[in-house]
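Give me a 3D structure for the following:
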Amino acid sequence: MKATKYTVGVLNLFSINKQQIISYIKKNKGKVNGYICVTNTRTAYLSNNNKAYGVIQNNSLFTIPDGMPLVWLGKLAGIKNIERTAGPELFEEALLDKDKSLKHYLLGDTEDVIRKLEQKCKIEYKANIVGSYSPPFLDVNKYDYKAIAKKINNSGADIVWLALGSPKQDVFASKLVAHTDNKILLNVGAAFRFILREYNMPPSVIQKIGLTGVYWRFKQKPMLFLQKYPKYVVFILKHALIKLLKK
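Residues are numbered from 1 along each chain as shown. Reported below is the predicted structural model:
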């Protein structure tokens, strides 16, 4: 499998599409223990400004770009066929896969969401869901990762879908894999609610011009967005200029 690496500051990103990731999982299930991060402009910024979090992102099996600004930086780095891969789209791609032998474990969100999602995955997608867990809302350092991993290991899962939101889910995954037995964890943010159609992707034109993150963050928390988003824009422009000057 060809996965071209490029950097955005200290962060290592990989150009790899949904189908390639699913193929990687099927080929390596039961053989590889690790996590895959799906990162956007905000988490790329955090990775460059928090050393510990940057290490977590770079210790993943793959960290893939979810966000057109990161795709554009990949193109400036010389990668022609790079694609944006959103967590919800990756999750649904795996559920739709014709090979139903892949064993899924759902981890994250509320008990009500997990219950409805498990039912939908089994009935509509015919997916092989072997377990689920809605963790309590705690500080990321206070979970009993050994106990959670025991549930996962006992389920026989091949893949764990982790939906806690970033950066929490990435830190959570980095701690959990110390106790899992050859499991691949995918950190997919709000993917569970997208599958339940509680959330919907913005219009395609919004996605194409790289404003998906803007759309969601402004819609959910407009004042916080206005306070924080300008620094993410500056971050992208800075790294675009760096790549242009290297040409």
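
Report the mean per-residue pLDDT for stretch 6-15.
Mean pLDDT, taken over the full extent of stretch 6-15, equals 96.

For that stretch, what is the distance to the chain centroid?
Taking Cα atoms, centre = their mean, to the nearest Å, one finds stretch 6-15 lying 15 Å from the centre of the chain it belongs to.

what distance separates the start and the end of that stretch?
8 Å (Cα to Cα, to the nearest Å).

And for stretch 160-176?
With Cα to Cα as the measure, what separates the two termini of stretch 160-176 is 11 Å.

For the chain, just list every one of the helices.
Using DSSP state H, the helices of the chain run over 18-28, 41-49, 51-58, 68-76, 87-96, 111-123, 145-155, 168-176, 191-195, 204-208, 212-220, 222-246.

Mean pLDDT, mean neighbour count and distance to residue 105 for these - can I get that in TSV?
C-beta coordinates here come from the backbone N, C-alpha and C atoms, glycine included. Listed next are the helices of the chain as TSV, based on pLDDT from 0 to 100; neighbours: other Cβ atoms under 10 Å; distance: least, Cβ to Cβ, whole Å:
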stretch	mean pLDDT	mean neighbour count	distance to residue 105
helix 18-28	94	16	13
helix 41-49	95	21	23
helix 51-58	98	16	21
helix 68-76	93	21	28
helix 87-96	93	20	12
helix 111-123	95	15	10
helix 145-155	98	15	6
helix 168-176	97	22	11
helix 191-195	91	23	13
helix 204-208	56	12	29
helix 212-220	55	16	26
helix 222-246	81	13	32
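
contact partners of stretch 122-139?
For stretch 122-139, contacts defined as Cβ atoms under 8 Å, 6 or more residues apart in numbering pick out 94-96, 100-111, 113-114, 117-118, 121, 143, 148, 151-152, 155-157, 164.

Mind listing what's buried along that stretch?
125, 127, 128, 129, 130, 131, 132, 134 (16 or more other Cβ atoms under 10 Å).

Please narrow those to those residing in strands.
Within those, residues falling in strands by DSSP state E are 128, 129, 130, 131, 132.

will you turn the helices of the chain into a markdown table that also has distance to residue 185?
Output for the helices of the chain, formatted as a markdown table (distance: least, Cβ to Cβ, whole Å):
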| stretch | distance to residue 185 |
| --- | --- |
| helix 18-28 | 11 |
| helix 41-49 | 16 |
| helix 51-58 | 12 |
| helix 68-76 | 21 |
| helix 87-96 | 12 |
| helix 111-123 | 16 |
| helix 145-155 | 9 |
| helix 168-176 | 5 |
| helix 191-195 | 13 |
| helix 204-208 | 26 |
| helix 212-220 | 23 |
| helix 222-246 | 26 |
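
show me what contacts the spatially most central residue of the chain?
By Cα atoms, centre = their mean, the chain has its centre lying nearest to residue 38, at 3.0 Å. Contact partners of residue 38, counting by Cβ under 8 Å, 6+ apart, are 63, 64, 66, 85, 86, 87, 90, 186, 187, 188, 189.
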